[in-house]
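Q: Just a sequence and a predicted model for now, questions to come.
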Amino acid sequence: MATTIPSIACLGVIGRNNNPLHTSIFPSYDPATNSFRPVRTPLQFSLILSSTLDVFELRARQNAAAGVGLTGDFGLLHAVDDRLAAYGFETNTGTRFVVIVDMRGRRVDGAAAAAAAQTGAAEGSSSKRVAHAATGLREGEMRPVFKAMQAAYIQLMQNPFFEPDEHSPPTGQGGKRITSKKFAEEMRRIGEGWTPGVVNL
């Protein structure tokens with residue numbers, strides 16, 4: 001018997017001029033075929049990432065009207081459907097990180113979860129992750145992901161050969177996508193390494 005827990009389906013980085021900078025897509029568990037494959041096409045993920053921009057803008061306007069400046073963890077942006085949910089984070093420079101979580105994306109064998117529960121595994125173990133993943137994600141579950149994404153982005157910005165204005169030009173005329181292999185590998189590591197309950201990536 002297999003249990004499913006949340007996993008990351010997609011990581012997106014969006015520039016300050018609402019231009020896509022990077023997208024990483026991860027396979028999810030498909031119980032019908034007992035295999036792993038992405039739950040949406042790249043175009044569908046692109047549209048989901050674009051739809052989060054409206055939520056970022058709406059919250060920015062609401063905060064401006066209330067006289068509050070908000071950057072950082074925006075939490076849940078919107079539930080896409082009964083399986084996918086989008087979470088967001090905005091840096092001080094206006095770069096946005098979006099994590100799309102598949103609530104049933106990772107397979108955990110029931111025998112492994114039961115064995116871990118019997119041994120009294122420590123906080124963050126797969127058994128405790130399975131237990132609270134069944135009720136949805138807790139507030140702050142995405143913070144380690146956003147922290148790791150921001151660290152990778154800062155490291156990219158410190159590269160003397162990286163020119164930010166080529167990627168988010170001040171004129172708002174699009175821009176280049178991030179092509180750094182090191183950055184892509186770091187996004188892959190973050191997406192594959194996260195499970196509910198992880199506090200550090």
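A: Here it is on my side, so go on. Numbers count the residues shown, from 1 in each chain.

Q: Could you tell me how many residues sit around the closest residue to S180 other than its chain neighbours?
A: Leaving out its chain neighbours, the residue that sits closest to S180 by C-beta to C-beta, 6 or more residues apart in numbering is L156, at 5.8 Å. (Glycine included, C-beta is placed from N, CA and C.) L156 has 19 neighbours, counted by other C-beta atoms under 10 Å.

Q: same deal with E185?
A: Neighbour tally, E185, other C-beta under 10 Å: 12.

Q: Confirm it sits in a helix?
A: Yes: applying DSSP: H, G, I helix; E, B strand; the rest coil, one finds E185 inside a helix.

Q: wait, N19 sits on I178?
A: No: look at N19 against I178 with C-beta atoms under 8 Å: they stay out of range, at 10.9 Å.

Q: tell me which residues of stretch 13-24 are tucked away?
A: 13-16, 19-24 (16 or more other C-beta atoms under 10 Å).

Q: Give me the mean pLDDT for the host helix or strand of the residue nearest to S180.
A: Assigned by DSSP states H and E, L156 belongs to helix 143-157. Helix 143-157 comes out with an average pLDDT of 95.

Q: helices or strands next to that helix in the packing?
A: strand 2-14, strand 84-90, strand 96-109, helix 181-193 (3 or more C-beta pairs under 8 Å, 6 or more residues apart in numbering; DSSP states H and E).

Q: got a list of contacts for it?
A: 8, 11, 13, 73, 89, 91, 95, 97, 99, 162, 164, 178, 180, 182-183, 186-187, 190, 194, 198-201 (C-beta atoms under 8 Å, 6 or more residues apart in numbering).
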